[in-house]
Structures are given as structure tokens and as C-alpha cells.
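K.L.:
sequence first, then the predicted structure, then my questions.
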Amino acid sequence: MEFADAARRPKLLFVVTEDWYFVSHRLELAIAARQAGYDVAVATRVDRHARQITDAGLALYPVPFNRGGLNPLEEFRTLIRLARIYRREAPDIVHHVALKPVIYGSIAARSLGIKGIVNALGGLGYVFSSVGWRAKILRRMIKPALKLALGGSNSRLIVQNSDDRDKVVGDGLANAGSIRLIRGAGVDPSAYRQVAVASPAPLVILPARLLREKGVGEFVEAARLLQARGISARFALVGKPDLANPASVSQPEIDAWVSERVVEFWGWRDDMPGVFSQAQIVCLPTYYGEGLPKSLLEAAASGCAIVATDIPGCREIVQQGITGWLVPPRDVPALADALRQAIEQPGLRQIYGSSARALIATDFSMHRVAAETIAIYDELMA
């Protein structure tokens with residue numbers, strides 16, 4: 001659908017908890033939507049990426065999201081702030097990303113009669129994947145609210161893998177007819193270069209928020225086990241603790257691992273294509289409620305060999321014996337064995353990396369993801 005007359009350009013508003021996440025996962029989509037004829041704005045918690053958003057020609061509205069917040073008064077204020085933006089800006093379509101924006105944004109959008117509501121769940125996350133008591137309590141609270149948010153004939157839900165789609169439908173949270181499967185946030189393969197495979201001590205990285213459910217502890221244990229066996233490799237954590245998430249590892253834990261020289265700590269990096277260009281192997285031993293991890297898409301686009309857990313989201317991109325190695329969740333010996341194979345077989349790494357890169361170009365490109373998402377906007381506008 002094209003909108004030639006600028007006076008009739010429909011308005012699209014993205015609602016995302018963090019500005020860094022929007023820039024990493026949705027900025028290219030927003031630019032594509034703007035090129036397709038939409039006026040695009042972003043409502044998010046503003047930290048360090050405001051300039052990147054506004055330089056892309058997008059309006060920016062600060063919203064004080066607190067991802068880990070449970071204070072009812074604070075959360076109500078966030079909802080009211082969001083509703084005021086909706087009332088003032090009168091978007092035709094709102095695109096909510098992650099649980100809080102989906103729930104709060106859908107309440108605000110319905111109360112104000114917004115034409116189209118797009119809700120995106122990049123995996124079911126901590127609340128649905130953790131077995132801890134806090135997550136169990138939150139699940140009981142969130143499920144009814146999520147069912148309300150995902151209803152309505154003018155609402156579409158985007159999920160990133162078929163397992164999440166089946167679970168959402170099976171739990172009665174959304175009607176199957178309102179769900180659209182779009183696999184991941186997409187990447188631009190041209191922004192990543194294939195890595196050289198030759199290295200006397202291959203670099204193995206774990207690129208993620210440093211949460212326990214991302215398999216950080218298992219990664220460290222596997223690295224320790226391989227080093228004890230005399231396997232020559234470097235292991236690095238690329239990311240930082242997420243203090244808004246109860247499952248975050250602590251900085252003292254990381255410091256202890258570094259002092260032990262079992263892993264390197266690279267911290268948060270904005271130049272991920274450069275990071276992947278240095279790595280031969282990317283490892284994500286997650287048992288988190290993943291959608292389709294962008295880090296794996298980036299790894300594949302860079303031609304890295306991948307070792308990941310055999311769970312929804314990971315197995316969308318990692319195909320055992322074709323594009324990488326899949327191991328059972330929380331199985332340190334199996335993880336260590338797969339990493340040993342990747343470290344010791346550079347030729348096989350190259351074959352897997354080339355196959356993964358080819359898969360990105362055909363199935364997971366940013367162009368394809370943007371086209372499929374904009375088709376949803378057009379469907380709602382029609």
C-alpha cells in the first residue's frame with residue numbers, strides 16, 4: 001500500500017521499553033516503514049540513543065518504562081503517560097514490543113479507539129521461562145492481562161517461532177487467526193563480513209544480556225572444563241548484567257571469573273559486526289524464553305560457527321550438522337563436547353558458517369522481515 005499524498009500519510013507509533021533495544025531491533029524496520037509512506041514515531045525510555053532515533057527522521061516521545069518495576073503507582077503513571085501520548089498524537093497504528101508495552105499499550109489503544117494494534121513478543125521471556133517463585137506469581141497476574149491485550153478484531157500478534165505461536169494459542173491467549181509468524185528482527189547480511197577461520201586459539205563468544213537463563217553459568221563451566229583438558233581457545237562474555245531482570249548475574253561473579261582467567265569480559269558493545277568479525281565460534285546455551293535471538297542471526301550473517309541449545313528460537317537458525325551444533329539445555333558436558341568439536345575442526349566451522357550465512361540471505365534478511373511487517377500495517381489500514 002502506498003500513500004502518495006503526504007497530507008494523508010498514516011501515523012505509526014512504536015512502543016518499546018528501551019531506546020537501545022529499538023535501535024538494535026526495530027530501527028531499520030521503522031526506516032523502511034517511513035519509506036513505505038508512514039509517518040513514524042517512537043515512545044520509549046530514553047537513555048543514550050535519542051540522537052540515532054531522531055537523526056533517522058523519527059519523532060521521539062520519552063516514556064519512563066521500568067522493565068523490572070512492580071510498584072503499582074509507578075506502573076499506573078507509565079500507563080497514563082502512554083495514554084496521553086496516544087491521545088495527543090492520534091496514531092493510526094501502534095506497534096508494541098515486549099510484555100509491558102503490549103499490555104499497557106493495548107489498554108491505552110483500545111480506550112482511545114486506535115485503528116490498528118500490532119503486538120510483538122520477541123519470545124515469552126523470563127516470566128514464562130523461569131521456574132522461580134517470582135516468575136510463577138507474575139505468570140498468574142500477567143496471563144489474564146495478556147489475553148485481554150491480544151484480543152480484538154483490529155489486533156495482530158507477531159511471534160518469532162512456531163512453538164511460541166502454538167503455546168499462545170494453546171493457552172487461550174490469542175486467536176490463531178490474529179497471529180502472524182515473522183522469524184526474528186532480521187539483519188542486513190552486507191553489514192557483516194565472514195570471519196577468517198585460521199586461529200591458533202579460536203575466540204568463542206557468548207553475546208547476550210548476562211542472565212542466568214541465557215546459560216552464562218553453563219558457558220563458564222564448559223570453558224573451565226575445556227581449559228582443564230588443555231583445549232586451546234579464548235572465551236568471552238559480550239554483554240552486561242541486566243539489573244532490571246531478577247535472573248541477572250552479578251558484576252562480582254563476572255569479576256571472579258575474569259580473575260580466574262576462565263573468561264574475558266568485553267561488556268556492552270555497540271559495534272557488534274566488529275565483534276563478530278573477531279570470533280570464530282558463537283555460543284548461546286540459553287534456556288530463556290527466546291523468540292529468535294538476534295545474536296544468532298548476526299553470528300550466522302558473519303559466517304561464524306554456532307553452538308546453541310535445542311530450544312524454540314535457537315533451532316530456527318541452528319540446524320544440527322548443517323549450520324551448527326545443538327545441545328540439550330543446562331547440559332555442561334554436552335556443551336563442552338560441542339565446543340571442543342567446533343574448536344578443533346576449523347574446516348567444519350567454515351562449512352557450517354557458510355551454510356548459516358546463506359540461510360540468512362534467503363530467510364532472515366532485514367528486507368524480508370520489513371516487508372512482512374509492513375504488510376501487517378497495510379492490512380490493518382485497509
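P.N.:
Right, received. Where do you want to start? It should be emphasised that the depicted structure is a prediction, and the values quoted were computed from it without experimental measurement.

K.L.:
point out where the stretch 51-200 of the chain drops to low pLDDT.
P.N.:
Along the stretch 51-200 of the chain, the model assigns pLDDT under 70 to residues 123-135, 139, 194-198.

K.L.:
ranges for the strands of the protein?
P.N.:
Taking DSSP state E as the test, the strands found in the chain are 11-18, 39-45, 59-62, 93-97, 116-121, 155-159, 179-181, 203-207, 234-238, 264-265, 281-284, 305-309, 324-327.

K.L.:
with distance to Ala145 added, can I get those in CSV?
P.N.:
Glycine gets a C-beta too; all of them are placed from N, C-alpha and C. CSV is the format used below for these (distance: least, C-beta to C-beta, whole Å):
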stretch, distance to Ala145
strand 11-18, 16
strand 39-45, 19
strand 59-62, 23
strand 93-97, 13
strand 116-121, 12
strand 155-159, 14
strand 179-181, 18
strand 203-207, 32
strand 234-238, 34
strand 264-265, 37
strand 281-284, 30
strand 305-309, 29
strand 324-327, 34
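
K.L.:
would you turn these into JSON lines with mean neighbour count and distance to Leu138?
P.N.:
JSON lines is the format used below for the strands of the chain (neighbours: other C-beta atoms under 10 Å; distance: least, C-beta to C-beta, whole Å):
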{"stretch": "strand 11-18", "mean neighbour count": "24", "distance to Leu138": "16"}
{"stretch": "strand 39-45", "mean neighbour count": "23", "distance to Leu138": "20"}
{"stretch": "strand 59-62", "mean neighbour count": "16", "distance to Leu138": "26"}
{"stretch": "strand 93-97", "mean neighbour count": "27", "distance to Leu138": "18"}
{"stretch": "strand 116-121", "mean neighbour count": "25", "distance to Leu138": "15"}
{"stretch": "strand 155-159", "mean neighbour count": "24", "distance to Leu138": "20"}
{"stretch": "strand 179-181", "mean neighbour count": "16", "distance to Leu138": "23"}
{"stretch": "strand 203-207", "mean neighbour count": "25", "distance to Leu138": "26"}
{"stretch": "strand 234-238", "mean neighbour count": "21", "distance to Leu138": "27"}
{"stretch": "strand 264-265", "mean neighbour count": "15", "distance to Leu138": "30"}
{"stretch": "strand 281-284", "mean neighbour count": "29", "distance to Leu138": "24"}
{"stretch": "strand 305-309", "mean neighbour count": "29", "distance to Leu138": "23"}
{"stretch": "strand 324-327", "mean neighbour count": "24", "distance to Leu138": "29"}
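
K.L.:
looking at those, which is nearest to Glu74?
P.N.:
Nearest to Glu74 among the strands of the chain is strand 39-45 (12.6 Å), distances taken as C-beta to C-beta.

K.L.:
now find how far off-centre the closest one is within its chain.
P.N.:
Relative to the centre of its chain, strand 39-45 is centred 18 Å away, using C-alpha atoms, centre = their mean, to the nearest Å.

K.L.:
how about stretch 102-114?
P.N.:
In terms of C-alpha atoms, centre = their mean, the centre of stretch 102-114 is found 23 Å from the chain centre.

K.L.:
which residues are contacting it?
P.N.:
If you take C-beta atoms under 8 Å, 6 or more residues apart in numbering as the criterion, stretch 102-114 is touched by 15, 75, 78-79, 82-83, 86-87, 91-94, 96, 117, 119-121, 142, 145-146, 148-150, 152, 154-155.

K.L.:
also stretch 312-330?
P.N.:
123, 160-164, 183-184, 215, 218, 284-287, 290-293, 296-297, 300, 305-311, 334-335, 337-338, 341-342, 352, 355-356, 359, 364.

K.L.:
now the end-to-end length of that stretch.
P.N.:
One end of stretch 312-330 sits 15 Å from the other (C-alpha to C-alpha, to the nearest Å).

K.L.:
got it, and stretch 61-74?
P.N.:
First-to-last distance for stretch 61-74 - C-alpha to C-alpha - comes to 18 Å.

K.L.:
pull out the buried positions in that stretch.
P.N.:
Buried residues in stretch 61-74, counted by 16 or more other C-beta atoms under 10 Å: Tyr61, Val63, Phe65, Arg67.
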